[in-house]
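Novice: Need coordinates for the following:
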Amino acid sequence: MPGVTDRTITIGSHHNLTGPGSPGDDLDALASRAYFDYVNDRGGVNGRQIIYIEKDVSNDPANAVTAVRDLVEEEEVFAIFNGSSTRIHQAVVGYLNANKVPDLFPDSGCPCWNDPARLPYTFGWQPDFRREGKILGSYATKNFPNKKIAYFYQDDGYGRSGVAGLDTVIPPSQVVTRQTYQRDYEDVTRQARAIVQAKADVIVAYSLPSYTALLLRAQEQLGSKTQLIVNSTSSDPATLSRFLAPSQPQNGGRKSAGALIEGIVTNTYLTPIADTSNSWVRLLKRIRDQYLPNEPVSRDMEKGVATAYSFVQALQQAGRNLTRESLVAAIERGGLSPGFGLTPLSYSRTDHGGYTGTQIATIRNGVLVPQGQPLVTDDADGPIVPYTRPQAPAPASGIPTP
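Specialist: Residues are numbered from 1 along each chain as shown. Model (predicted):
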């Protein structure tokens with residue numbers, strides 16, 4: 001079996017480790033490596049050490065094609081793990097499935113990963129954008145009834161998937177403008193001005209963190225105080241602050257990064273890191289202190305550790321006689337625990353989706369403060385309902401059991 005020996009399991013990944021899309025993505029990758037190191041230092045998985053090879057694709061799908069072919073054909077990896085972003089990973093997902101390489105947990109909520117008939121080796125992980133859009137849209141309509149709502153989103157599969165979810169629950173009569181951007185834009189003042197002219201009371205955004213930051217600065221320049229609701233991809237306080245801080249004047253002419261992100265409404269499908277009494281947060285900080293002491297605890301760090309935790313659990317459940325087919329079968333049996341997540345994972349032979357819901361949260365003093373209960377729904381027109389089962393505690397060892 002490629003990538004598997006009696007003592008090792010070699011896996012590969014591609015991330016935006018350099019370039020304009022790297023903030024957040026780089027820490028996600030570092031955190032996954034830290035968790036694999038944590039597991040290796042405690043004996044590995046079924047006696048095997050995880051060898052983790054990362055490739056930098058720097059926001060270019062062509063780079064991803066080259067990187068993944070090298071990982072599969074030259075490095076002979078067992079599986080691809082947490083490949084970066086919708087647009088980038090879509091360039092390689094067909095190749096991986098044609099070659100029967102397990103493609104676990106792409107770093108994207110694209111509903112496209114949940115297609116077991118066409119992509120039997122691919123499994124999503126984070127809540128898909130349509131499902132998340134339904135939950136954000138439901139919050140907007142309930143908390144801002146009859147108010148004017150503007151959309152701001154990336155004009156590709158990522159943004160359009162989220163908007164499809166929003167449109168499931170937000171009446172068309174409330175949406176006064178739909179403003180889009182492309183990934184090569186360096187300014188979104190025109191879009192922000194159009195939102196102001198439409199007299200929107202609320203902006204719901206499906207944007208990358210760098211473009212959320214551009215929107216916030218444009219709003220500040222225009223004197224707009226319109227309430228912002230953004231999806232989870234774009235709302236990690238630490239990552240947003242990294243984008244906002246370089247343009248912050250030294251002598252107070254404009255708002256600080258902290259002031260600009262204060263009050264943003266978003267959602268989280270993972271344990272809020274501000275809850276220091278939570279056993280999962282304590283595990284995250286233990287890993288951070290040992291392997292990433294110079295990095296701030298953030299949601300991007302948590303996401304990297306949480307994804308790696310799920311991957312390790314899948315490897316354990318695949319058994320000692322590890323094959324690509326046994327790994328796929330293990331996930332499809334549906335036995336993966338939520339781990340760091342707040343809602344169940346949906347895996348089965350007919351569902352490769354991932355987490356089934358998320359929880360509304362607000363940025364307060366630089367951290368996410370959750371509201372209410374986690375919510376679950378489907379990626380179609382089904383209802384949104386509270387998920388009331390308490391989160392199971394983290395294992396004392398920090399390593400999942402089969």
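Novice: and Asp187, what is it in contact with?
Specialist: Counting by C-beta atoms under 8 Å, 6 or more residues apart in numbering, Asp187 touches 214, 218. Backbone N, C-alpha and C define where each C-beta goes, glycine included.
Novice: Surely it forms part of a strand?
Specialist: No. Read with DSSP: H, G, I helix; E, B strand; the rest coil, Asp187 is coil and lies in no strand.
Novice: State the distance from it to Tyr211.
Specialist: For Asp187, the distance to Tyr211 equals 10 Å [C-beta to C-beta, to the nearest Å].
Novice: Confirm Asp275 sits in a strand?
Specialist: No. Asp275 is assigned coil when assessed by three-state DSSP, not a strand.
Novice: Give me the distance between it and Leu284.
Specialist: Here the criterion is C-beta to C-beta. By it, Asp275 lies 11 Å from Leu284.
Novice: Which one of these two is surrounded by more residues?
Specialist: Neighbours around Asp275 and Leu284, counted as other C-beta atoms under 10 Å, are more numerous at Leu284. The numbers are 28 against 15.
Novice: Name the SS class of the more buried one, please.
Specialist: Put simply, Leu284 is helix when judged by three-state DSSP.
Novice: Touching, it and Pro272? I think so.
Specialist: No. Applying C-beta atoms under 8 Å, one finds Leu284 not in contact with Pro272, separated by 11.2 Å.
Novice: Return every residue with contacts to both of the two.
Specialist: Looking at what touches both Leu284 and Pro272 (by C-beta under 8 Å, 6+ apart), there is no common residue.
Novice: Next, count neighbours for the nearest residue to Arg324 once chain neighbours are set aside.
Specialist: What sits nearest to Arg324 in space, not counting adjacent residues and going by C-beta to C-beta, 6 or more residues apart in numbering, is Pro102, at 5.3 Å. Pro102 sits with 27 neighbouring residues when counted by other C-beta under 10 Å.
Novice: what's the answer for Ala380, then?
Specialist: Other residues lying near Ala380 total 9 when counted by other C-beta under 10 Å.
Novice: go on, Leu104?
Specialist: Leu104: 27 surrounding residues under other C-beta under 10 Å.
Novice: what bridges to it?
Specialist: The partner list for Leu104 in beta bridges (DSSP bridges) reads Phe81, Phe123.
Novice: show me what contacts it?
Specialist: When contacts are counted by C-beta under 8 Å, 6+ apart, Leu104 is found next to 79-82, 122-123, 125, 311, 314, 327, 331.
Novice: Just the buried ones out of those residues, please.
Specialist: 79-82, 122-123, 125, 311, 314, 327, 331 (16 or more other C-beta atoms under 10 Å).
Novice: Without its sequence neighbours, what residue ends up closest to Arg333?
Specialist: Nearest non-adjacent residue to Arg333, counting by C-beta to C-beta, 6+ apart: Gln317, 7.3 Å away.
Novice: what's the average pLDDT for the host helix or strand of that neighbour?
Specialist: Using DSSP states H and E, Gln317 maps to helix 299-318. Average pLDDT, helix 299-318: 96.
Novice: how about it as CSV, C-alpha atoms only?
Specialist: Extracted C-alpha coordinates of helix 299-318, given in CSV (Å, rounded to 0.1, in the frame of the first residue of the first chain):
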residue,chain,number,x,y,z
ARG,A,299,-9.6,29.6,15.8
ASP,A,300,-7.3,28.9,12.8
MET,A,301,-5.0,27.0,15.2
GLU,A,302,-7.9,25.1,16.7
LYS,A,303,-9.2,24.2,13.2
GLY,A,304,-5.8,22.7,12.3
VAL,A,305,-5.6,20.6,15.4
ALA,A,306,-9.3,19.6,15.2
THR,A,307,-9.0,18.4,11.6
ALA,A,308,-5.9,16.4,12.5
TYR,A,309,-7.7,14.9,15.5
SER,A,310,-10.5,13.6,13.1
PHE,A,311,-7.9,12.2,10.7
VAL,A,312,-6.1,10.3,13.5
GLN,A,313,-9.4,8.9,14.7
ALA,A,314,-10.2,7.7,11.1
LEU,A,315,-6.8,6.0,10.9
GLN,A,316,-7.4,4.3,14.2
GLN,A,317,-10.8,3.0,13.1
ALA,A,318,-9.3,1.7,9.8
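Novice: I'd say the residue nearest to Arg324 and Ile80 touch.
Specialist: Yes. Using C-beta under 8 Å, Pro102 is in contact with Ile80, at 7.2 Å.
Novice: Report the secondary structure state of Phe152.
Specialist: Each residue gets one of three states, and Phe152 gets strand by three-state DSSP.
Novice: Give me the distance between it and Val202.
Specialist: Using C-beta to C-beta, one gets 11 Å for the distance from Phe152 to Val202.
Novice: what about those two, which has more around it?
Specialist: Taking other C-beta under 10 Å, Phe152 and Val202 do not tie; Phe152 has more neighbours (26 against 23).
Novice: Could you tell me how far the more buried one is located from Ala140?
Specialist: Distance, Phe152 to Ala140, by C-beta to C-beta: 13 Å.
Novice: still on that earlier bit, the residue nearest to Arg333 contacts Ala329, correct?
Specialist: No. Contact criterion C-beta under 8 Å: Gln317 and Ala329 do not qualify, at 9.1 Å.
Novice: Mind checking which of the two has more residues around it?
Specialist: Higher neighbour count among Gln317 and Ala329: Gln317, with 18 against 14, using other C-beta under 10 Å.
Novice: Who are the contact partners of the more buried one?
Specialist: Residues in contact with Gln317 (C-beta under 8 Å, 6+ apart) are 330-331, 333, 335-336, 402.
Novice: quick one: it and Phe243, what's the gap?
Specialist: Going from Gln317 to Phe243 by C-beta to C-beta gives 38 Å.
Novice: Let me see the ranges of the helices in the stretch 1-150 of the chain.
Specialist: In the stretch 1-150 of the chain, the segments counted as helices under DSSP state H, counting those that start in this stretch are 22-40, 61-69, 86-89, 93-98, 129-143.
Novice: Between the ones you listed, which one is closest to Asn267.
Specialist: When those are compared by C-beta to C-beta, helix 129-143 sits nearest Asn267, at 6.3 Å.
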